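*Asks:* Mind folding the following:
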Amino acid sequence: MFNSKKQTHIKLTSLLIALVLVLSTASFAFADEAKTTAKAESYLDKRSALVFLSDFGLKDGAVSAMKGVAFKTDPELKMFDITHDIPSFDIWEGAYRFKQTCSFWPEGTVFVGVVDPGVGTDRNSVVLKTKNGYYFVGPDNGLFGLVAEDMGIEEVRKIDEKKNRLEGSEKSYTFHGRDIFAYVGARLASGQIKFEDVGPKLKKEIVKMPYQKATIKNKTVMGNIPVLDIQYGNIWSNIPDEMFEKLNVKAGDMFRVEILEGDKVVYKGDMPFADSFGDVELGKPLLYYNSLLNVSAAINMGSFAEEHGVSSGAEWTIKITKIGK
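*Replies:* Here you go, the predicted structure:
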């Protein structure tokens with residue numbers, strides 16, 4: 001009888017110990033799972049969009065190779081494109097497309113820009129952080145000059161290519177878009193590295209391309225033609241509506257327009273300011289505000305650029321003078 005009670009006590013004790021061990025193991029497992037989940041959530045919180053721009057086009061595998069590197073670095077990254085149809089070697093247009101679009105993206109977005117005719121030379125590979133929290137990864141050749149003007153420079157770091165380069169690409173000198181920029185951009189956007197890990201800090205300066213800033217004097221405004229409305233041949237300027245309206249502009253007012261490439265006058269003519277294209281006769285020129293609320297020139301149902309041989313870039317200037325009162 002005594003032995004039976006003792007055996008029962010021992011069994012109950014063993015069961016209790018086993019139950020404690022099971023609960024303890026489950027508790028540790030739950031805690032580990034919670035830590036893993038918290039770590040994953042923290043990691044996800046650090047992710048930013050990764051946005052590409054280049055002059056590569058889509059005829060070959062260059063863009064796909066860059067995205068493959070980024071995807072391999074972090075399969076959870078969200079990747080997007082501004083464009084890959086920048087004209088070959090056209091740093092200015094690449095700079096303008098950044099200016100045109102990047103402010104619509106959320107703070108923390110990482111942009112990779114590759115318009116790099118000097119690839120493999122001594123030009124710096126950099127990451128620019130703007131004062132409003134965007135990151136731009138690419139060559140310091142003027143590509144980030146316009147966004148730096150608009151947003152201000154918080155800090156610039158030179159990419160340390162010994163630490164931040166795609167493994168196995170050390171002998172490649174002509175595809176930094178894949179081997180360095182996409183790789184660094186992906187690591188930065190995924191939170192695998194901090195901005196401080198990119199490389200040594202540089203002066204708060206980057207390469208900028210000279211161009212005609214928007215100015216006003218008496219009845220005349222002047223500015224640059226940064227880009228064309230390519231599909232329709234309209235002429236876009238960098239003259240903002242606020243400056244133009246200092247001329248007391250209203251629809252129907254007439255203006256003399258001169259367009260210059262360097263010192264050469266390419267076009268000179270008179271046209272009205274209008275709210276929209278249909279406010280003038282078919283085939284007639286007009287001034288209007290484009291989608292960025294900058295002054296632009298167009299022909300109703302025609303291509304101003306094609307008809308008058310006008311293009312765009314840092315060397316192109318537009319001069320607009322009000323005629324009459």
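*Asks:* Could you measure from residue 67 over to residue 189?
*Replies:* With the distance defined as CB to CB, to the nearest Å, residue 67 ends up 12 Å from residue 189. Every C-beta, even on glycine, is put in place using the N, C-alpha and C of the backbone.
*Asks:* Residue 138 now?
*Replies:* Residue 138 is 14 Å from residue 189, where distance means CB to CB.
*Asks:* repeat for residue 252
*Replies:* As defined by CB to CB, residue 252 lies at a distance of 50 Å from residue 189.
*Asks:* Could you do residue 78 as well?
*Replies:* 9 Å.
*Asks:* After whichever strand or helix holds residue 71, which helix or strand is next? Please name it.
*Replies:* Assigning secondary structure by DSSP states H and E places residue 71 in helix 62-73. Using DSSP H and E, the helix or strand that directly follows helix 62-73 along the chain is strand 79-83.
*Asks:* ok, residues contacting that next one?
*Replies:* Contacts made with strand 79-83 from outside it, assessed by CB atoms under 8 Å, 6 or more residues apart in numbering, are listed as 49-53, 63, 67, 70-71, 97-98, 101-102, 111.
*Asks:* And the nearest residue to residue 100 once chain neighbours are set aside, what's its pLDDT?
*Replies:* The shortest distance from residue 100 to any residue other than its chain neighbours is 7.0 Å, reached at residue 292 (CB to CB, 6 or more residues apart in numbering). Per-residue confidence (pLDDT) for residue 292: 89.
*Asks:* now swap in the one 3 residues further on and tell me
*Replies:* You'll see residue 295 listed with a pLDDT of 98.
*Asks:* One more: residue 170?
*Replies:* The predicted structure scores residue 170 at 89 on the pLDDT scale.
*Asks:* Which of the three states applies to it?
*Replies:* Following DSSP: H, G, I helix; E, B strand; the rest coil, residue 170 is assigned to coil.
*Asks:* what does the one 3 residues further on give?
*Replies:* With three-state DSSP as the basis, the three-state label of residue 173 is coil.
*Asks:* for it, what are its contacts?
*Replies:* The neighbours of residue 173, taking CB under 8 Å, 6+ apart as the test, are 119, 120.
*Asks:* what does residue 58 give?
*Replies:* When contacts are taken as CB under 8 Å, 6+ apart, residue 58 is in contact with 84, 85.
*Asks:* Done for today, thanks.
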